[in-house]
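Asker: quick one: sequence plus predicted model below, questions after.
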Amino acid sequence: MVVVSGVILQLKKEFAWIQLTTKKGSSGTLSLSFDEILDATRRIPEAEVQHWDDIDRVDVRPGRGMLKVRCANGWEIQLDAKTGEVLQVAYRRSDLIESIHDGSFFHDRVKLWVFLPTALVLGMLWLTGVYLFFLPYYAKWKKRRKKARGGGRSTSVKSTFAK
């Protein structure tokens with residue numbers, strides 16, 4: 001589950017189904033008031049916004065001339081920062097996938113007592129796997145280096161008992 005959701009999150013910018021593409025507004029200046037932002041989001045039925053409690057966050061992107069309003073129910077509304085025109089409305093799936101990935105989707109205790117230890121064990125397995133993968137190459141390199149220095153054993157055998 002962690003690996004599959006991690007792969008999906010790696011691809012979130014590639015597919016608008018996972019995370020919306022960011023639209024471009026008309027101007028880089030923000031001329032909307034908070035009341036105008038709230039009014040614009042109230043007009044979107046999918047967002048189910050009545051009060052500021054229904055909004056998770058407002059993300060202002062001055063370089064793109066727009067702002068994103070992320071609603072508590074998972075919907076995202078992109079507004080033009082100057083005119084307040086709605087640029088795009090869609091459900092944001094990346095937050096749900098992130099919560100599955102880190103375990104918070106299930107419960108905070110599951111996140112801390114199942115997913116965290118699993119991640120630590122997985123990290124240890126990865127480190128020991130890398131070590132075991134490179135160990136034979138290191139041994140061969142060390143053997144070749146010793147042979148190149150002439151530090152190898154002599155091929156003639158002297159008997160210590162012969163006198």
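Answerer: All right, it came through fine.
Asker: ok, how many other residues are close to the residue nearest to Thr118 when sequence neighbours are not counted?
Answerer: The spatial neighbour of Thr118 that comes closest, neighbours along the chain excluded (CB to CB, 6 or more residues apart in numbering), is Val2 at 7.2 Å. Yep, even glycine has a C-beta here, placed from its N, CA and C like the rest. The tally of other residues near Val2 (other CB atoms under 10 Å) stands at 14.
Asker: surely Val2 touches Ala119?
Answerer: Yes: contact status for Val2 versus Ala119: in contact at 7.4 Å, counting by CB atoms under 8 Å.
Asker: for the longest helix belonging to the chain, name the packing helices and strands.
Answerer: For the chain, the longest helix by residue count, based on DSSP state H, is helix 116-148. Judged by 3 or more CB pairs under 8 Å, 6 or more residues apart in numbering; DSSP states H and E, helix 116-148 is in contact with helix 2-10.
Asker: shouldn't Val60 be within a strand?
Answerer: Yes: if the criterion is DSSP: H, G, I helix; E, B strand; the rest coil, then Val60 is within a strand.
Asker: tell me the domain ranges of the chain?
Answerer: 20-92, 104-146 (automatic domain parsing).
Asker: can you give the distance of stretch 3-10 from its chain's centre?
Answerer: Mean C-alpha position of stretch 3-10 versus that of the full chain (CA atoms, centre = their mean, to the nearest Å) differs by 8 Å.
Asker: shaky segments in this protein?
Answerer: For the chain, the stretches flagged by pLDDT under 70 are 151-163.
Asker: contacting residues around the residue lying closest to Lys13 once chain neighbours are set aside?
Answerer: Spatially, and ignoring its direct neighbours in sequence, Lys13 is nearest to Gln19 (6.5 Å; CB to CB, 6+ apart). By CB atoms under 8 Å, 6 or more residues apart in numbering, the residues touching Gln19 are 12-13, 92-94.
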